[in-house]
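> how does the following fold in three dimensions:
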Amino acid sequence: HLGTTDVATIVRWAHAGAPKYKLVLDAMLYAVAKQVGAMHVSLRGRTDAIILTGGIAYSDYCVEQLRGWLDGLAPIVVMPGEDEMGALAMNALGVLNGELALGVYRPSE
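As a prediction, this is how the structure comes out:
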C-alpha cells in the first residue's frame with residue numbers, strides 16, 4: 001500500500017503528518033492486535049506471554065499502540081529483531097538434518 005515494508009520509514013512519515021501512512025500503519029497494528037486476540041481465544045485464555053518482535057518492536061509508537069489493545073491478556077515482552085528469515089532457515093535445516101522434529105499444524109475442527 002505504501003511502497004515499502006520498512007516500519008521505521010512508515011512511522012516517520014506518519015508522524016510527519018502523512019495521513020495515508022498513519023492510516024495504513026494504524027490499520028496494520030489493529031490487524032496484528034486482532035490476530036493476537038484470536039490466538040488468545042484459541043488458547044482458551046491461557047496465553048503465557050505476547051512477544052512483540054520484528055521491525056515493529058523497534059517503534060515505541062507501534063509497541064504502545066499494541067499495548068493499548070493487548071494489555072491484560074498476558075505479559076507483553078518486546079524483543080526487537082529482524083532475523084525471522086534466518087530463524088526459519090535454521091529450523092528448516094534442523095529438520096532436514098534430523099535434529100528437529102517436523103511439526104504439522106492443522107486448524108482445529
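
> which residues in the chain form helices?
7-15, 19-42, 60-70, 84-96 (DSSP state H).

> mind putting these in CSV, mean neighbour count, distance to residue 51 and mean pLDDT included?
All C-beta atoms are positioned from the backbone trio N, CA, C, and that covers glycine. As requested, those are exported to CSV (neighbours: other C-beta atoms under 10 Å; distance: least, C-beta to C-beta, whole Å; pLDDT from 0 to 100):
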stretch, mean neighbour count, distance to residue 51, mean pLDDT
helix 7-15, 17, 16, 92
helix 19-42, 14, 10, 96
helix 60-70, 16, 11, 96
helix 84-96, 11, 12, 82
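
> turn those helices into JSON lines, columns for distance to residue 76.
Putting the helices of the chain into JSON lines (distance: least, C-beta to C-beta, whole Å) gives the following:
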{"stretch": "helix 7-15", "distance to residue 76": "18"}
{"stretch": "helix 19-42", "distance to residue 76": "10"}
{"stretch": "helix 60-70", "distance to residue 76": "6"}
{"stretch": "helix 84-96", "distance to residue 76": "19"}
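
> which of these sits closest to residue 54?
Set against residue 54 and scored by C-beta to C-beta, the helices of the chain come closest in helix 84-96, at 6.3 Å.
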